[in-house]
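Student: Let me see the structure of the following:
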Amino acid sequence: MAFAIMSRGFLRTSREILERSRAVGGVASAHCFMDVDVHHSNAAARIQHRSACTAAAMPSAPLVNMSMAPVCNGSYCLLKPRLNNTYLTKRKSSSKKRVSTVASSKRDEESDSDSDSDDEFERKRTSVRTKHSERGDSEFWRRKMRTLHRILDVNRDGVISFDDYKLLAKRFTDLGHLTPETSAEFEEVMRQTWVEQFGEITPYNLITAEQFLVEVHHRLNDEQMEKRIGRFLPYLFKAVDYDHTGHLDLEQYKLFFRCLGLSDEDAAISFAVIDKNGDGQLSLKEFLHLGRQYFLTEDDTKISKMFWGPLIDH
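Tutor: Predicted coordinates:
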């Protein structure tokens, strides 16, 4: 009796399970083989929810021309939204256009940047080339430097050494018109000038005329070193300005030339040229200007070419 009751309960339970499975299977079969429109998709989603089916979330894309693409997973039906091909094509095309536009913009920017960089480089190179061609490349300037090399070669051995610089400084300080402090400053300036131009101070550092031209040319075209050209000139002026008037007359200019190892005749010729206003005097300002201009200018009409005496022929 008990066994019959259990059998009937088991059959009834099995029949209910079978009916529920058929109902669920019917819904899944209907959605697996039939497309539905947007209105039916909501109903299908509700049925699926009641059947413990996990439907994918609907995207935020437009629902125009959209159908539901069912994917059966055995025990439940997964409804996935399927976008219209035309809509997908438009989105992909729009995305490609944006990427293409950004890439093109970057290429244009890089091209402009490269062009600007090249132009800037060319301007700088042209500026440097022009600067170098303006100073120290003419034969006239080289002739002036060879003249100065001969003057600075105090012992007349064909080369310049630091001993020549010391001997030149001694000639001016021995005149006795510089204070001990000023004399010490003068000697230090001559030492610094040598080191900046020619390097270490040794008996073997001998500068030929061609080396002298190369070194002065380099200094002339270096912005910082160019500013210090002729900084020993004030000491030469003060050494021969024995009456401390701040002006040199012809006699004092002759004294200046004697310290350089030049003749009084050379001094008279040079003074006649550089005394432009003919007042018979040369101020400190004029002296410094002419002395620096001798290094800086390549204009052979400038009177500064006579500052260190007549130019040598070669």
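Student: Show me where the chain has its strands.
Tutor: Using DSSP state E, the strands found in the chain span residues 67-72, 77-82, 247-248, 282-283.
Student: For the stretch 201-314 of the chain, which residues score under the pLDDT cut-off?
Tutor: Filtered on pLDDT under 70, the stretch 201-314 of the chain yields the residue ranges 314.
Student: My read is that L262 contacts I312, right?
Tutor: No: between L262 and I312 there is no contact under CB atoms under 8 Å: 11.9 Å. All C-beta spots, glycine's among them, are computed from the backbone N, C-alpha and C.
Student: which residues are in contact with both of these two?
Tutor: Applying CB atoms under 8 Å, 6 or more residues apart in numbering, one finds that no residue jointly contacts L262 and I312.
Student: of the two, who's got more company?
Tutor: More neighbours surround L262 than the other of L262 and I312, with 17 against 13 (other CB atoms under 10 Å).
Student: Show the contacting residues for F232.
Tutor: Shown here is F232, whose contacts under the criterion CB under 8 Å, 6+ apart are F186, V189, M190, T193.
Student: same thing but 10 Å
Tutor: Each residue near F232 by CB atoms under 10 Å, 6 or more residues apart in numbering is listed here: Y165, L168, A169, F172, E185, F186, E187, V189, M190, Q192, T193, G291.
Student: Ok, K227 next?
Tutor: K227 makes contact with R292, according to CB under 10 Å, 6+ apart.
Student: How about the contacts made by K254?
Tutor: Contacts for K254 (CB under 10 Å, 6+ apart) come out as V240, L248, L262, S263, D264, E265, D266, A267, A268, S270, F271.
Student: Ok, D153 next?
Tutor: Counting by CB under 10 Å, 6+ apart, D153 touches V159, I160, S161, D164, L168, I207, T208, A209, F212, G261.
Student: Would you mind measuring from the fourth one to R191?
Tutor: I take that to be D164. Here the criterion is CB to CB, to the nearest Å. By it, D164 lies 13 Å from R191.
Student: Please say which of the two ends up with more neighbours.
Tutor: Between D164 and R191, D164 has the larger neighbour count (other CB under 10 Å), namely 20 against 15.
Student: Once you drop chain neighbours, what's closest to that one?
Tutor: In this structure, D164 finds its nearest non-sequential neighbour in V154, 4.4 Å apart by CB to CB, 6 or more residues apart in numbering.
Student: G291 too?
Tutor: Nearest residue to G291, sequence neighbours excluded (CB to CB, 6+ apart): L233, at 4.4 Å.
Student: That neighbour against L284, yeah?
Tutor: Yes: assessed by CB atoms under 10 Å, L233 is found in contact with L284 at 9.1 Å.
Student: Compare these two (neighbour count), which wins?
Tutor: L233 (19 against 16).
Student: What's the separation between that one and T208?
Tutor: According to CB to CB, L233 and T208 sit 24 Å apart.
Student: sorry, back to before: any idea how far I160 is from the residue nearest to D164?
Tutor: On the measure of CB to CB, V154 and I160 end up 8 Å apart.
Student: what's the overlap in contacts for the two?
Tutor: Residues touching both V154 and I160 by CB under 10 Å, 6+ apart: L168.
Student: Neighbour count: those two, which is higher?
Tutor: Neighbours were tallied for V154 and for I160 using other CB under 10 Å; the higher tally belongs to I160 (27 against 20).
Student: Could you find the closest non-adjacent residue to the more buried one?
Tutor: I207 (4.3 Å).
Student: how about V195, what does it touch?
Tutor: Applying CB under 10 Å, 6+ apart to V195 gives the contacts F162, I201.
Student: and if we set it to 8 Å?
Tutor: I201.
Student: measure the residue nearest to F162 when sequence neighbours are not counted to T301 for me?
Tutor: Closest residue in space to F162, ignoring its immediate chain neighbours: I201 at 4.8 Å, by CB to CB, 6+ apart. Taking CB to CB as the measure, I201 falls 38 Å from T301.
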